[in-house]
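*Asks:* model this:
(2 chains)
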Amino acid sequence: MASVEVRGVRKSFGAFPVLHGIDLMIEPGDFTVIVGPSGCGKSTLLRLIAGLEDASGGDIVIDGDVVNNVAPGGRDIAMVFQNYALYPHMTAAQNMAFGLENTRVPKDEIRRRVAAAAETLRIQPLLDRKPREMSGGQRQRVAIGRAIVRDPKVFLFDEPLSNLDAALRVQMRIELAKLHHQLKSTMIYVTHDQVEAMTMADRIVVMNEGRMEQAGRPLELYHAPRNTFVAGFIGSPKINLLPGSVQAIGSEGVTIALSVGGTLAAQVVPGDLRPGNEVIVGVRPESLHQASGSEGFAARVDVIERLGNETVVYASLPTGETIIFQDRGAGSIGIGSTVRLSADPEHCHLFHKDGTALSRTEQALAAALKV
Amino acid sequence: MAARQLRSERTSEWLIRSLLVGLAALWMIPLIWIVAMSFKPNDVLAMSTSGLLPIPFTLKNFSDIFFVSMTPRWLLNSAVVALGTTALTLVVASLAGYAFARLDFPFKRTLFIIVLAGLMVPEQTLVIPLHAVVTSWDLHNTHFALMAPRVALPVGVFLMTQFFKAVPKELEEAAAIDNASRFTIFRRIMLPLSIPALVTLGIYTFLHSWNDFFWPLVSATNTNMYTITVGLASLQGNFAQTEGLGFIMATAVFASLPIVIVYLIFQRYLVRGIALSTGK
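*Replies:* Here you go, the predicted model:
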């Protein structure tokens, strides 16, 4: 178990900057998930921590030691790759033993550690098989086994589940969470899938265009996103972002006149907000409900997804944008019908025009966490 | 309609097969003829060389190879040169190919272009400079002189470079994280993965070296240092056709045997290797 610190790390490929100065502290034993869209620099950051790329600036610190000039093998880390990267000409057991052989661990000890890892991952029957004789899930288990036999200070995972089918991905997600609970090691996991991030992480780091947008506990990011990017990236279905202008500021919160017509209120700390300021209201699909009378705003239903445990409705606003909400009326609405939607002030987020969030009131956060 | 189409397809398939069999037979006739003549007595061949069957039959031509001629010595020379060239070529081509594919060093692209340019230089244009260099080092009539000019084979470097480029980089990165040194990565990961390419290159080099005639003709002037190709040519005196044609044919058959055996054993690797080198 070791801490990992990234201090002002920058990386450019030629003249093209990929990371613009990342500062990140990962506590010993934390399961940290770095999440972001393709090309945001998350894999590059992981490769810098692994030593597979050299930083253009800044420091990588593992367990208190600056490792900028230490080769990958000297950093006492293990990495699981997206395409498993198992050595094709070796059996599973040989794959797992390779790293230990390079550090001159005695043969008996290698055998013992491989057997123990195989038992943990339930891959004993696969030990004599070569990678081509295994399924994707089995290969992924062996790749994880290759990492855990070395008992490293830090585990790095680079989108390890993205090549698996949906069912296997869910199963492996659970197994990885269990493994972390069992090993209590520091793990850094890169993914573009926010569901993986939300379900496995102790702490999530959201990245965008080479910058760290926000880091925090999963529910913190969900309920108190720092900006519209984080709000949009965390949560499925996506948050609805509705532009408008401040109509009134009162003790109950801020009332916004929406561009699509109608109003919504948000319980936020108004700060220097003034009536007439342009803002963006964020409402999660589960926070929208059908309204009566002139409350909220109108939308026309386009698509209804009945998933069994929930019904997700996609509707068009008069401006042409799509709004998503959950229908709790047990199929009372139909395609083509017009509905009025509203949300309670304690469930609404408010962002400045530039996308930065206004702090939600403690009351609003408490209400959100209760849900 | 469908039946007529099927019949037409069968007819064209039959025609193509017949054509291929005809071409194969045409190609095979000289080989069968050589084998037939190698089993015929020389005095019979002095009167007529026609006929594809070895009648009358004799093994004397083959026994003469061992007891009368220098053929065993030339075969040994060919074996030493071909095996040595193959082994050295594999070492040089795999190391150079790995360096070109994976390492960063100054003038890498320029050097690679020079290697590729080597593919375009006709062998004959190099013989005089090679002869001058080997003469100045006083190395003619040695196995080393027969092997050395053939070792840095541009096509081998090119083949291995292309092969190593196709190996996923993650394998090397995984090995680097597994604390493997650069040489361990090369020896324990890259080399075992490149066996199909190495076998292809090995067969190609062996065949090329075994059949090489021009350079050994220049370098090996001592009959003891002849390779089998030069030795065979030296047997063809002005009266060969009348005096020892059966013996020459027996020597040719005997000299071809190692090549045939190598090809029969490794032909599946040869095909696979060529497929690998044309893209994955």
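*Asks:* buried stuff in the helix or strand harbouring B:Thr205?
*Replies:* Per DSSP states H and E: B:Thr205 is located in helix B:195-211. Buried residues in helix B:195-211, counted by 16 or more other Cβ atoms under 10 Å in any protein chain shown: B:196-210. C-betas here are computed from N, CA, C, even on glycine.
*Asks:* kindly report the same for stretch A:204-216.
*Replies:* A:204-208, A:210, A:212-216.
*Asks:* one more: stretch B:128-135?
*Replies:* Within stretch B:128-135, judged by 16+ other Cβ under 10 Å, the buried ones are B:130-131, B:134.
*Asks:* grab the CA positions of that stretch and hand them over as CSV.
*Replies:* In CSV, the C-alpha atoms belonging to stretch B:128-135 read as follows (Å, rounded to 0.1, in the frame of the first residue of the first chain):
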residue,chain,number,x,y,z
ILE,B,128,34.6,-6.5,-57.7
PRO,B,129,34.7,-4.3,-54.6
LEU,B,130,34.0,-7.4,-52.4
HIS,B,131,36.8,-9.2,-54.2
ALA,B,132,39.2,-6.3,-53.6
VAL,B,133,38.3,-6.1,-49.9
VAL,B,134,38.6,-9.9,-49.3
THR,B,135,41.9,-10.0,-51.2
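*Asks:* what's next to that stretch, contact-wise?
*Replies:* The contact list for stretch B:128-135 (Cβ atoms under 8 Å, 6 or more residues apart in numbering or on different chains) reads B:140, B:145, B:148-149, B:215, B:218-219.
*Asks:* got the end-to-end distance for stretch A:255-263?
*Replies:* Stretch A:255-263 has its terminal residues 7 Å apart, counting by Cα to Cα, to the nearest Å.
*Asks:* same check, this time on stretch A:341-355
*Replies:* So stretch A:341-355: terminal residues 23 Å apart, Cα to Cα.
*Asks:* what of stretch A:282-299?
*Replies:* With Cα to Cα, one end of stretch A:282-299 sits 16 Å from the other.
*Asks:* the stretch 51-200 of chain A: helices as residue ranges?
*Replies:* A:92-102, A:107-121, A:136-148, A:166-183, A:194-200 (DSSP state H, counting those that start in this stretch).
*Asks:* ok, which of these comes nearest chain B?
*Replies:* Closest to chain B of these is helix A:92-102 (Cβ to the nearest Cβ; 3.5 Å).
*Asks:* from the contacts of stretch B:128-135, which land in helices?
*Replies:* B:145, B:148-149, B:215, B:218-219 (DSSP state H).
*Asks:* mind putting those in JSON lines, pLDDT and neighbour count included?
*Replies:* Below are these laid out as JSON lines (pLDDT from 0 to 100; neighbours: other Cβ atoms under 10 Å in any protein chain shown):
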{"residue": "B:Ala145", "pLDDT": "94", "neighbour count": "24"}
{"residue": "B:Ala148", "pLDDT": "91", "neighbour count": "19"}
{"residue": "B:Pro149", "pLDDT": "88", "neighbour count": "20"}
{"residue": "B:Trp215", "pLDDT": "93", "neighbour count": "24"}
{"residue": "B:Val218", "pLDDT": "92", "neighbour count": "16"}
{"residue": "B:Ser219", "pLDDT": "93", "neighbour count": "24"}
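*Asks:* any idea which of those residues is closest to A:Met90?
*Replies:* B:Ala148 (36.3 Å; Cβ to Cβ).
*Asks:* contacting residues around the closest one?
*Replies:* So B:Ala148 contacts B:134, B:139 (Cβ under 8 Å, 6+ apart).
*Asks:* how much space between it and A:Asp54?
*Replies:* 40 Å (Cβ to Cβ, to the nearest Å).
*Asks:* neighbours of A:Ala117, just the number please.
*Replies:* 22 (other Cβ atoms under 10 Å in any protein chain shown).
*Asks:* residues in contact with it?
*Replies:* Per Cβ under 8 Å, 6+ apart, neighbours of A:Ala117: A:96, A:145, A:148-149.
*Asks:* and of those, the nearest to A:Gly262?
*Replies:* Among those, and counting by Cβ to Cβ, the member closest to A:Gly262 is A:Ile148, at 55.0 Å.
*Asks:* quick one on the thing from earlier: distance to B:Pro41 added to the helices of the stretch 51-200 of chain A, as JSON lines?
*Replies:* Formatted as JSON lines, those follow (distance: least, Cβ to Cβ, whole Å):
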{"stretch": "helix A:92-102", "distance to B:Pro41": "60"}
{"stretch": "helix A:107-121", "distance to B:Pro41": "66"}
{"stretch": "helix A:136-148", "distance to B:Pro41": "66"}
{"stretch": "helix A:166-183", "distance to B:Pro41": "75"}
{"stretch": "helix A:194-200", "distance to B:Pro41": "83"}
